[in-house]
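Undergrad: Need a 3D model of the sequence below.
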Amino acid sequence: MKIRRIAATPINLTLEAPYVWVFGELDGFSPTIVEVETDDGIIGLGEAPSSAAAAIINDTLAPHLIGRDPIDIAGAENVCLPFWTGVQSINDRTRILAFGAIEMALWDIRGKAWNQPLYQLLGGAVRKEIPFTDYFSLRGDGAATIGEKTPEEVADYCVELNEQFGTTFFEGKFSTEDPKVSLRMLELIRKKLGDDVMLRIDSNQAYSLATARQLVRALEQLNVRNWEDPVATIEEMRELRRHCSIPFSTHNIDIARAMELRVPDAIVGNPATHGGIGRLVRFIGACEHAGIDFWCYSGDSGVGSAAYLHLCAALGWIREPNQSLFRMQTTDVIEEGPFSPRNNVVPVPEGPGLGVTLDRDRLAACHRDFAENGPKNKYHDSAKPGTYRRLPLN
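TA: Take a look at the predicted model:
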């Protein structure tokens with residue numbers, strides 16, 4: 001079996017209404033969908049969280065891989081990223097993201113060739129119901145809906161999710177210019193849904209250390225489960241820890257620094273960011289050794305999300321719920337998507353490989369949106385891409 005074709009397609013995934021965060025309003029994401037086809041007709045699927053990965057895959061990496069054995073994942077990495085130490089030290093990690101998507105597709109091929117779901121290839125399932133949070137934020141008007149523009153409307157939205165889908169795990173944006181607005185959202189959600197629901201927040205480095213310190217007492221009283229990127233650096237996070245008992249998380253994957261400074265409590269990422277499923281498995285093992293939690297972030301199509309599901313099924317250390325924007329997506333590129341958590345969980349796909357099926361009509365429509373309107377990820381920090389109108393910060 002040999003690799004015959006590799007195609008990378010940049011797409012737009014549009015949210016039903018743009019959510020408000022520190023950078024303004026974000027109305028979607030622009031990932032890249034990868035197809036790796038073998039000479040006997042197996043097609044493996046992968047995803048990179050950046051549209052910029054498409055050109056690198058099609059023009060630079062694919063020529064190195066045509067004719068190679070798709071089961072030889074280590075060999076594929078060696079020809080695509082022969083100088084790993086040098087590549088990961090530069091500021092632009094797009095080549096790593098690009099190979100990470102190809103590597104995901106090679107795992108999908110392996111599962112399909114051996115008629116085994118990915119979680120079996122990773123050692124078997126420790127769970128098959130994978131926990132996710134539902135997301136909330138102030139939102140603007142979208143093509144399909146009128147978003148929640150006030151804290152009261154956000155709280156009512158969370159109540160609706162609770163009543164319709166059984167959601168009790170929530171995560172939301174806490175990054176308004178005036179933090180009192182975000183505090184009001186949390187207060188109302190807690191009041192309407194009670195003390196038993198999980199509330200996690202993400203500030204996207206919005207606040208100064210001084211402002212974050214002022215917020216600590218109110219957030220502790222609201223029993224916030226986790227605070228993601230409350231300040232700009234891990235060093236500032238260490239200083240904030242002196243005043244705050246709430247666990248912190250970040251998208252910064254510098255685990256050595258995290259071990260040295262004893263913050264954050266969790267790292268949030270995805271396979272492509274690390275260079276693929278194999279490297280992420282090793283990274284999560286390092287997190288377990290260091291006592292640092294790990295979970296997956298949101299904003300991917302059903303292809304990347306399926307990889308999350310299998311990783312969470314196989315790796316017991318992923319103990320906390322993953323982030324989810326599933327409910328806010330208007331479409332997906334897989335027949336089975338968008339996934340929809342019920343009672344906080346999504347079942348792991350049971351088919352071979354990733355267990356999902358590419359919907360070519362949806363893929364074409366999402367690519368057409370990209371071609372006609374350009375990428376949504378004009379701002380890209382390798383973790384949370386998106387368009388933005390910059391808000392003034394305190």
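
Undergrad: wait, what's in contact with L354?
TA: L354 makes contacts with L45, M104, W107, D108, G111, L118, V303, A306, A307, H310, as judged by C-beta atoms under 8 Å, 6 or more residues apart in numbering. (Glycine included, C-beta is placed from N, CA and C.)

Undergrad: Let's test this: what are the backbone torsions at the last one?
TA: The reference is to H310. phi -70, psi -40 (degrees, to the nearest 10).

Undergrad: how many neighbours does the closest residue to it other than its chain neighbours have?
TA: With sequence-adjacent residues excluded and distances taken as C-beta to C-beta, 6 or more residues apart in numbering, H310 is closest to L118, at 3.8 Å. As a burial measure, L118 scores 27 neighbours (other C-beta atoms under 10 Å).

Undergrad: Closest to T331 out of the contacts of L354?
TA: Each of these was checked against T331 using C-beta to C-beta; the closest is V303, at 13.3 Å.

Undergrad: Is that closest one in a helix, a strand, or coil?
TA: What DSSP: H, G, I helix; E, B strand; the rest coil gives for V303 is helix.

Undergrad: Please name every helix or strand in contact with the helix or strand encompassing N78.
TA: Here N78, judged by DSSP states H and E, is contained in helix 73-80. Under the contact definition 3 or more C-beta pairs under 8 Å, 6 or more residues apart in numbering; DSSP states H and E, helix 73-80 sits against helix 62-65, helix 94-114.

Undergrad: between that helix and helix 94-114, how many degrees?
TA: Relative orientation of helix 73-80 versus helix 94-114 (axes from the mean of the first three to the mean of the last three C-alpha atoms, to 10 degrees): 150 degrees.

Undergrad: Which stretches in the stretch 51-200 of the chain count as helices?
TA: For the stretch 51-200 of the chain, the helices defined by DSSP state H, counting those that start in this stretch occupy 53-55, 62-65, 73-80, 84-89, 94-114, 118-121, 151-165, 179-193.

Undergrad: ranking these by mean pLDDT, which is last?
TA: Across the helices of the stretch 51-200 of the chain, helix 84-89 has the smallest mean pLDDT, namely a mean of 69.

Undergrad: hang on, isn't F294 packed against R282?
TA: No - in this structure, F294 is not within contact of R282 by C-beta atoms under 8 Å, at 11.8 Å.

Undergrad: Phi and psi next, for D27.
TA: According to degrees, to the nearest 10, D27 has phi -110, psi 10.

Undergrad: what's the burial count for it?
TA: 20.

Undergrad: which stretches of the protein form strands?
TA: 3-10, 13-21, 24-29, 32-38, 43-48, 129-131, 134-136, 169-173, 198-202, 226-228, 248-250, 266-269, 293-296, 345-347 (DSSP state E).

Undergrad: Could you look over those strands and pick the most buried one?
TA: Mean neighbours per residue, mean count of other C-beta atoms under 10 Å, is largest over those for strand 43-48, with a mean of 28.

Undergrad: Can you list the helices and strands that it packs against?
TA: Counting by 3+ C-beta pairs under 8 Å, 6+ apart, strand 43-48 packs on strand 32-38, helix 94-114, helix 271-274, helix 302-314.

Undergrad: ok and that strand relative to strand 3-10, angle-wise?
TA: Using the same axes, to 10 degrees, strand 43-48 lies at 40 degrees relative to strand 3-10.

Undergrad: tell me the average confidence for strand 43-48?
TA: 98.

Undergrad: what does stretch 297-313 give?
TA: 96.

Undergrad: cool, stretch 354-367 as well?
TA: 98.

Undergrad: Give me the buried positions along it.
TA: By 16 or more other C-beta atoms under 10 Å, the buried positions in stretch 354-367 come out as L354, G355, V356, L358, D359, R362, L363, C366, H367.

Undergrad: got it, and stretch 53-62?
TA: Under 16+ other C-beta under 10 Å, the buried positions of stretch 53-62 are A53, A54, I56, I57, N58, L61, A62.

Undergrad: what's the span of that stretch from first residue to last?
TA: 12 Å (C-alpha to C-alpha, to the nearest Å).

Undergrad: so how far is it from its chain's centroid?
TA: 22 Å (C-alpha atoms, centre = their mean, to the nearest Å).

Undergrad: how about the helices of the stretch 251-394 of the chain, start to end?
TA: 255-261, 271-274, 277-290, 302-314, 360-373.

Undergrad: How far away from the center of its chain is the third one?
TA: The reference is to helix 277-290. Worked out by C-alpha atoms, centre = their mean, helix 277-290 lies 17 Å from the chain centre.
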